[in-house]
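Engineer: how would this look folded up:
(one chain, ligands or ions: 4)
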Amino acid sequence: FAKKQGGDGFQFASRSISEMYEKRLRLETRLRRALSNGEFILYYQPKVDLETGAIGGVEALLRWDSDEGVIPPGDFIPMAEEMGLIIPLGEWVMAEACRQLKAWHDAGKNHLGMAINVSVRQFTAPGFIAAVKRIIQTSGIDPRYLTLELTESHLFDDIDEKIILLQSLKEMGFKLSIDDFGTGYSSLSYLRRLPVDELKIDRSFIKEVSDRADSRAIVSTIIFLARSLNLRTVAEGIEKQVELEFLQSEGCQQYQGFLFSRPLSAAELFAKLE
Ligand code: C2E
Ligand code: MG
Ligand code: MG
Ligand code: MG
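Structural biologist: Numbering: from 1, shown residues only. Ligands and ions are numbered 1, 2, ... in the order given. Prediction:
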């Protein structure tokens, strides 16, 4: 910290940098404690079948219920990844999502599926497969009800290593999805080699569907590509009826979005299923 008052521009700059650094450090300390304090919660957003209108499954979305209010994942996941905290945190997410799904199955919603976001940092960490096996055993959930969502960024680096990992998850029965599809750098030849089941079309394209022909073209092309490769398509972030109708006409299979429902607490989600 610059101690002298009324300093020059350099002092101002170094002061704001150290303030930023302190703020970051504080967030890091709070985040480290949050897991043992039980401050994380999962919300669930319905995934709706475009043909039947039925809720086929839900996506688990992480929230941090901190002493300074509820913090969305975009504000702490990057830091959790840098800190390595994403590994125990990601395990907590998977265990909690499986526990909740089992409770819903036992309550009669036997066909409900659950999608879980997994960061590449978490899934390439040593011990990931062993942790997944442990969670599956403890929860008693059949992995065929589970979809793991992986974002495109970094998925295509060291592709051979990723293919081996994805293959073992497939063999266990999981479904695999590429999240935010279209925003990363997936090469089509790599896409063919990845044992995935689903492409999830990013919201950035969906929200432009009503007023941009190029975005409509991109969405149609992704759906066409997916169908040609025998993959399912899910569209994320549907807010308007016109977007829904467009996806329906293009043959997309499932959608998620505020138009149908925001992410809900477990109790609210169950009420919606009923
Ligand atoms: P995502 O997996 O692509 O999730 C979709 C995001 O879009 C969610 O934001 C959801 O609330 C939001 N969304 C859904 N429908 C609409 C809509 O109609 N309009 C708008 N404006 N937004 C909509 P959220 O919950 O803030 O999550 C952001 C990202 O954080 C997720 O993007 C995912 O990449 C990451 N994330 C969330 N939970 C986890 C987790 O447990 N583990 C990891 N590694 N990442 C997670
Ligand atoms: Mg997702
Ligand atoms: Mg997504
Ligand atoms: Mg997204």
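
Engineer: Which residue ranges of the protein form strands?
Structural biologist: 40-49, 55-66, 69-71, 113-117, 146-151, 175-181, 198-201, 232-235, 254-255 (DSSP state E).

Engineer: closest to Pro126 out of those?
Structural biologist: strand 146-151 (17.7 Å; Cβ to Cβ). Backbone N, C-alpha and C define where each C-beta goes, glycine included.

Engineer: Taking their axis directions, that closest one and strand 175-181 sit at what angle?
Structural biologist: 30 degrees (axes from the mean of the first three to the mean of the last three Cα atoms, to 10 degrees).

Engineer: Strand 146-151 near ligand 2 at all?
Structural biologist: Yes - using Cβ under 5 Å from the ion, we find that strand 146-151 touches ligand 2 at Glu149.

Engineer: Go through that strand and flag the buried ones.
Structural biologist: Of all the residues in strand 146-151, those buried under the rule 16 or more other Cβ atoms under 10 Å are 146-151.

Engineer: longest single helix anywhere in the chain?
Structural biologist: Identified as the longest helix of the chain according to DSSP state H is helix 9-36.

Engineer: pLDDT (mean, whole number) over that one?
Structural biologist: Averaging pLDDT along helix 9-36 gives 84.

Engineer: Burial check on whichever residue of the chain sits closest to ligand 3, number of neighbours?
Structural biologist: Ligand 3 sits closest to Asp179 of the chain, with a gap of 4.1 Å, by Cβ to the ion. Asp179 is flanked by 24 other residues according to other Cβ atoms under 10 Å.

Engineer: Return the distance of it relative to Ser265.
Structural biologist: Asp179 sits 22 Å away from Ser265, going by Cβ to Cβ, to the nearest Å.

Engineer: next one: Leu27
Structural biologist: Leu27 is 25 Å from Ser265, by Cβ to Cβ.

Engineer: who has more neighbours, those two?
Structural biologist: Set Leu27 next to Ser265 and count neighbours by other Cβ under 10 Å: Leu27 wins out with 16 against 13.

Engineer: Give me the pLDDT value at the residue nearest the centre of the chain.
Structural biologist: Geometric centre of the chain, nearest residue: Asn117, 3.4 Å, by Cα atoms, centre = their mean. Looking at Asn117, its pLDDT stands at 98.
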